[in-house]
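# generate coordinates for the sequence data below:
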Amino acid sequence: VARGHGVSAAQAALRWSLDRGVAVVTATTKASHMRSDLAVLNFTLSPLEVAELSALREAVPSVQILDAWPDVTMPVVALGAATCPIGDAQSAVSDWLQRGGRHIDASHDVRVSAKVGAA
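Coordinates of the predicted model:
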């Protein structure tokens, strides 16, 4: 789908979210990433493309994240906690694991890795 629009997989995923009516919040301090994120407003996905990407989502195991929103789920695997403040990393990963998620720590920050390991 992404290749067909000449965009990255991340941009196609952001566009898919927007086309489904999901509010998307991105965070970056890099101008190139900001331009890339905003470029998702320059194309749309066809209903067939939205359905194709939605089918991929259904193939990925996920868990419910909030009791009040039974239809809201997250993929079971999370990669890294490097953007968490160091004091919050242990709590965030611990909560995620208790909900049934799995975490792969890819952090190069030893202080964060120690907190993730403690979780």
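# only C-alpha atoms from now on, for both contacts and neighbour counts.
Noted.
# from Ala92, how far off is the nearest residue to Ala9 once chain neighbours are set aside?
Closest residue to Ala9 apart from its sequence neighbours, by Cα to Cα, 6 or more residues apart in numbering: Ala2 at 5.4 Å. With distances taken as Cα to Cα, to the nearest Å, Ala2 is found 32 Å from Ala92.
# buried ones in stretch 6-26?
For stretch 6-26, a neighbour-count test (16 or more other Cα atoms under 10 Å) marks 11-18 as buried.
# so which of those sit within helices?
Residues of those located in helices (DSSP state H): 11-18.
# give me the neighbour count for Ser32.
Residues lying near Ser32 (other Cα atoms under 10 Å) number 10.
# do the same with Val93
24.
# which residue ranges form the strands in this structure?
Counting by DSSP state E, the chain has these strands, from start to end: 62-64, 73-75, 77-79, 102-104.
# the residue nearest to Arg15 when sequence neighbours are not counted: neighbouring residues, count only.
Leaving out its chain neighbours, the residue that sits closest to Arg15 by Cα to Cα, 6+ apart is Val40, at 5.6 Å. Other residues within reach of Val40, judged by other Cα under 10 Å, total 19.
# how close does Val40 get to Val22?
Distance check for Val40 against Val22: by Cα to Cα, it reads 14 Å.
# what's the answer for Ser36, then?
18 Å.
# worst-scoring helix or strand of the protein, pLDDT-wise?
Across the helices and strands of the chain, mean confidence by mean pLDDT, DSSP states H and E is lowest for strand 77-79: a mean of 54.
# the residue nearest to Arg15: what's it in contact with?
With contact set as Cα atoms under 8 Å, 6 or more residues apart in numbering, Val40 has these partners: 11-12, 14-15.
# and it, what's its pLDDT?
Looking at Val40, its pLDDT reads 92.
# number the residues from 33 up from this point.
With 33 as the first residue, the last one maps to Val72.
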